[in-house]
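# got a predicted structure plus its sequence, pasted below:
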Amino acid sequence: MDKQAPRSLERATSTVQGATLSLHNVSYAVQAKVSGKLFATYPKEILNDINGIFRPGMNAILGPTGSGKSSLLDLIAGRKDPRGVKGTLLVDGLPQPKNFKCMTGYVVQDDIVTGTLTVRENLMFSANLRISDSVPTKVRKEKVEETIKELGLQKCADSKIGTEFIRGVSGGERKRTNIGMELVISPPVLFLDEPTTGLDASTSNSVMRLLQNLSRRGRTIIFSIHQPRFSIFKTFDHMMLLCEGKTVYHGPAQQALSYYEDLGFECEEFNNPPDFFLDVILGDIPPNTENKKKQGIKAHEARENLAKYLSEEYEKSSLYAQLRNDIDPIYDEYEKQLANGSAKQIMVGEYANGFLSQTATVSSRALKNLVRDPQTVLMQMFLAIFMGIIAGIVYWQLEDSYESGIQNRTGAIFFIAMNMVFSSVSAIVTFISERALFIHERVSGFYRVSCYFLSKMLFDIVPLRLLPTTVFICITYFMIGFQLDVENFFMFYLTIVLLTFTAACIAFFASTVTREFLIAQLVCILIVIISMIFGGFFVNLDTMGDWLSWLQYVSIFRYGLNALMIVELKDQSYCTNITVPVFQEVCALDCSQYGNDYLRNNGIGFETSWDFWQNEVALCGLLTFFLVIAFILLQNINKYK
Ligand SMILES: Nc1ncnc2c1ncn2[C@@H]1O[C@H](COP(=O)(O)OP(=O)(O)OP(=O)(O)O)[C@@H](O)[C@H]1O
């Protein structure tokens with residue numbers, strides 16, 4: 001680590017010493033959409049000129065909904081787009097490192113842990129990826145055990161977290177596991193976005209007591225919270241109150257009540273202080289007019305512009321003067337270092353481990369996920385068997401007659417291709433369902449996108465497609481009675497596998513475009529339908545205008561169907577009866593190579609082996625194209641909230 005690293009960050013994997021974070025005139029704005037206009041945006045100020053200091057201990061950020069709590073928390077945690085941030089953020093008096101978010105812990109509001117893994121396995125996953133390989137596995141295991149003990153998770157350490165199909169641990173244990181995922185790296189600062197949301201009263205209390213204990217051991221805990229109960233409020237050391245993106249109080253939590261009472265707001269005897277603060281900020285408690293008169297401010301003016309009034313009052317207070325005394329020397333020191341060139345932003349490697357180690361860890365999780373949550377595989381297998389039997393019954397042992405032989409064969413081939421492509425649309429779920437997990441882990445520096453991508457392909461998309469496809473083809477091929485020839489069978493199988501993989505890659509690509517399942521499904525279906533229309537089965541492609549017919553070259557159906565038709569129809573004879581018109585009787589059988597005629601009439605080249613293989617190459621090309629685009633989209637997924 002660079003010599004310029006803040007002291008607390010240097011010790012990120014040994015003893016824990018919380019960092020002191022200071023904010024100097026920090027503002028944050030976004031380009032918000034103008035309602036009713038599709039592309040018009042305007043700069044919307046979310047946080048306005050915030051000054052503050054967060055030391056080791058319990059630091060709460062409070063405020064009514066929309067006041068900017070989460071924005072401030074994300075901004076301090078380095079998870080906001082720096083383009084919208086103005087002002088200076090210092091960590092132990094030094095500029096915030098570029099990958100600050102990878103060195104600190106951030107517990108998101110909606111728990112993000114893998115449901116099929118146990119509590120211990122989840123913690124080990126985080127430790128394996130975020131603690132350097134140079135630290136022996138034994139030490140990493142010890143760190144996990146220590147964290148389990150610290151969080152009181154011993155009893156459920158070997159229980160699975162739980163999914164919709166697997167009964168798992170309780171809400172409190174789940175939240176503590178989330179906290180543990182961050183604690184295994186012994187972060188000097190732990191951020192939590194609304195840590196009590198969704199928990200019942202006693203679980204919220206136990207989580208907050210746990211955080212308080214962690215803070216007593218030297219950590220800087222910073223969290224946003226909406227409307228805490230009194231028992232939770234008591235755990236706060238420092239508090240920042242926000243109103244419309246402005247600071248209206250920042251100081252010791254237990255002094256806030258007397259601060260507002262001095263300002264002329266009265267808290268009723270049994271009122272909960274946090275409720276009282278919110279009532280003041282929301283204008284539900286009228287300011288004491290007598291007090292206002294003394295200060296020369298009219299009550300109605302204060303009410304009309306409450307946020308401005310409260311923040312101005314705060315800036316006049318002794319608390320604010322004290323804050324300036326604390327943060328101004330830090331900033332002056334920083335400016336001095338800046339002037340002599342020693343205050344550089346530290347550069348630390350983004351990842352703790354290398355490509356292979358990350359890929360192995362992420363793949364092992366994907367494999368466990370697949371094995372322990374077999375519903376998806378079983379459902380796919382059931383569908384494959386069901387649809388395979390239906391196709392087998394409908395096209396049972398095709399005849400070799402000219403009248404029905406070709407028609408039924410081409411029909412069966414189209415049915416099989418269509419079934420495989422449409423059943424692959426379900427691959428959308430594989431990424432959409434863990435999009436939030438991926439974004440969180442990527443932002444927190446768990447792994448490189450390429451490692452995730454590779455493990456997703458090898459242990460999710462491929463096995464989930466390969467098994468059902470193999471079962472389906474084994475059933476249909478022999479029930480329908482396609483050519484009993486080993487080479488033909490494997491060429492048929494290979495084509496279907498490639499077609500299925502390409503369709504799955506289209507679905508995967510669609511799922512990287514958007515977070516909305518329905519939109520992803522729409523994108524995917526649209527591509528598949530267009531591909532089907534230009535597959536050559538519904539329309540003679542030669543009769544189409546040039547401006548439209550180029551679409552046939554990007555149609556997965558065209559390549560898939562052409563290859564399957566060649567495998568099944570090339571050099572095949574189908575017999576037709578020859579009738580002599582005079583007698584109107586069947587006189588002979590004509591068994592010609594009508595298979596070749598069909599292929600020729602439909603513009604499908606079949607003479608050379610390249611005529612077949614070019615379709616496979618084209619499918620591989622399209623598969624690669626969609627994979628590359630999906631990878632680029634994953635790589636560029638918004639890293640900021
Ligand atoms: N990207 C954005 N575009 C437009 N407005 C935004 C954006 N991000 C935040 N805001 C607005 O900024 C304000 C503060 O948002 P923020 O989520 O920080 O508030 P909050 O206090 O955490 O609210 P809550 O308690 O409801 O989560 C809100 O009015 C929100 O709508």
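Ah, there it is.
# let me see the contact set for the residue of the stretch 201-350 of the chain found nearest the ligand.
Going by C-beta to the nearest ligand atom, the ligand is nearest to H226 of the stretch 201-350 of the chain, at 5.3 Å. The C-beta positions use only the backbone N, C-alpha and C, and glycine is treated the same way. H226 sits next to 62, 65, 69, 194, 197 when contact means C-beta atoms under 8 Å, 6 or more residues apart in numbering.
# now intersect the residues you listed with the helices, please.
The helices, defined by DSSP state H, take in K69 from the contacts of H226.
# what about the ligand: which of the contacts of H226 touch it?
65, 69 (C-beta under 6 Å from any ligand atom).
# just to revisit the earlier point, can you report phi and psi for the residue of the stretch 201-350 of the chain closest to the ligand?
For H226, the backbone dihedrals (degrees, to the nearest 10) come out as phi -90, psi -70.
# all strands of this structure, in order?
For the chain, applying DSSP state E gives strands covering 21-33, 41-54, 57-62, 85-91, 94-95, 105-107, 189-193, 220-225, 238-243, 246-252, 574-580, 585-592.
# look up how far F414 lies from the spatially most central residue of the chain.
Residue closest to the average C-alpha location in the chain (C-alpha atoms, centre = their mean): R435, at 2.2 Å. For R435, the distance to F414 equals 34 Å [C-beta to C-beta, to the nearest Å].
# so can I have JSON lines of the strands of the chain showing mean pLDDT, distance to A307 and mean neighbour count?
Converted to JSON lines, the strands of the chain look like this (pLDDT from 0 to 100; distance: least, C-beta to C-beta, whole Å; neighbours: other C-beta atoms under 10 Å):
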{"stretch": "strand 21-33", "mean pLDDT": "92", "distance to A307": "15", "mean neighbour count": "18"}
{"stretch": "strand 41-54", "mean pLDDT": "92", "distance to A307": "9", "mean neighbour count": "18"}
{"stretch": "strand 57-62", "mean pLDDT": "95", "distance to A307": "14", "mean neighbour count": "24"}
{"stretch": "strand 85-91", "mean pLDDT": "93", "distance to A307": "19", "mean neighbour count": "18"}
{"stretch": "strand 94-95", "mean pLDDT": "89", "distance to A307": "30", "mean neighbour count": "20"}
{"stretch": "strand 105-107", "mean pLDDT": "93", "distance to A307": "28", "mean neighbour count": "24"}
{"stretch": "strand 189-193", "mean pLDDT": "94", "distance to A307": "22", "mean neighbour count": "25"}
{"stretch": "strand 220-225", "mean pLDDT": "95", "distance to A307": "18", "mean neighbour count": "25"}
{"stretch": "strand 238-243", "mean pLDDT": "94", "distance to A307": "4", "mean neighbour count": "25"}
{"stretch": "strand 246-252", "mean pLDDT": "94", "distance to A307": "5", "mean neighbour count": "23"}
{"stretch": "strand 574-580", "mean pLDDT": "69", "distance to A307": "83", "mean neighbour count": "14"}
{"stretch": "strand 585-592", "mean pLDDT": "63", "distance to A307": "88", "mean neighbour count": "11"}
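# tell me the phi and psi of the residue nearest to the residue nearest to the centre of the chain when sequence neighbours are not counted?
The shortest distance from R435 to any non-neighbouring residue, by C-beta to C-beta, 6 or more residues apart in numbering, is to R515 (5.7 Å). Main-chain torsions, R515, degrees, to the nearest 10: phi -90, psi -10.
# neighbours of R515, just the number please.
15 (other C-beta atoms under 10 Å).
# buried ones among the contacts of H226?
By neighbour count, with 16 or more other C-beta atoms under 10 Å, those hold 62, 69, 194 as buried.
# could I get the contacting residues of E194?
70, 109, 223-226.
# again, only this time at 6 Å
Applying C-beta atoms under 6 Å, 6 or more residues apart in numbering to E194 gives the contacts 109, 224.
# can you give me the distance of it to D571?
Relative to D571, E194 is positioned 69 Å away (C-beta to C-beta).
# ok, now P468?
P468 is 31 Å from D571, where distance means C-beta to C-beta.
# domain assignment for the protein?
Domains of the chain are assigned by the TED database as 21-32+44-104+187-289+303-340, 355-636.
# start to end distance for the last one?
Yep, that's domain 355-636 we're talking about. End-to-end distance of domain 355-636: 19 Å, with C-alpha to C-alpha, to the nearest Å as the criterion.
# the shortest one too?
Between the start and the finish of domain 21-32+44-104+187-289+303-340 there is a gap of 22 Å, counting by C-alpha to C-alpha.
# and it, how far out from the chain's middle?
A distance of 28 Å separates the centroid of the chain from that of domain 21-32+44-104+187-289+303-340, by C-alpha atoms, centre = their mean, to the nearest Å.
# ok, L551 - contacts?
Counting by C-beta under 6 Å, 6+ apart, L551 has contacts F534.
# what about the stretch 1-150 of the chain, any weak spots by pLDDT?
1-16 (pLDDT under 70).
# got the residues of it near the ligand?
30, 32, 44, 46, 63, 65-71.
# apply 8 Å and report the result again.
Selection of the stretch 1-150 of the chain residues close to the ligand by C-beta under 8 Å from any ligand atom yields 30-33, 44, 46, 63-74.
# thanks a lot, catch you later.
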